[in-house]
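Undergrad: Could you look at this predicted model? Sequence included:
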Amino acid sequence: MLVVTRKADESISIADNIEITVLEISKDKVKIGINAPKEVKVFRSELKTLRQTNEQSAHASGSAIEQLLNSHKQEEK
């Protein structure tokens, strides 16, 4: 992990096409701006974690439904 110190209105660059700028600093928050190409997906980490959890839950639910359908089909035979 790279750790850098930045002041308001200062930036860091990632590769040639991503720039992160410190917009505002308050007592307990830092507001940043991210300038990146549209094809680069930028998410807050808590949303990424939530999305992964939802996908896992949906997959587990899908498996349970498949098991119920399969057992129902076997009962019909």
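TA: On my side now, so go ahead. Numbers count the residues shown, from 1 in each chain.

Undergrad: tell me the domain boundaries of the chain?
TA: 1-38, 43-77 (automatic domain parsing).

Undergrad: Ramachandran coordinates for the residue sitting nearest the centre point of the chain?
TA: Nearest to the mean C-alpha position of the chain, counting by CA atoms, centre = their mean, stands residue 48 at 2.4 Å. With angles defined as degrees, to the nearest 10, residue 48 sits at phi -60, psi -40.

Undergrad: Would you mind measuring from it to residue 30?
TA: According to CB to CB, to the nearest Å, residue 48 and residue 30 sit 19 Å apart. Backbone N, C-alpha and C define where each C-beta goes, glycine included.

Undergrad: same thing with residue 21?
TA: The gap separating residue 21 from residue 30 is 11 Å, by CB to CB.

Undergrad: rewinding a little: worst mean pLDDT among the domains of the chain?
TA: Mean pLDDT is lowest for domain 43-77 among the domains of the chain, at a mean of 70.

Undergrad: one step back: among residue 21 and residue 30, which residue is more densely surrounded?
TA: Taking other CB atoms under 10 Å, residue 21 and residue 30 do not tie; residue 21 has more neighbours (16 against 11).
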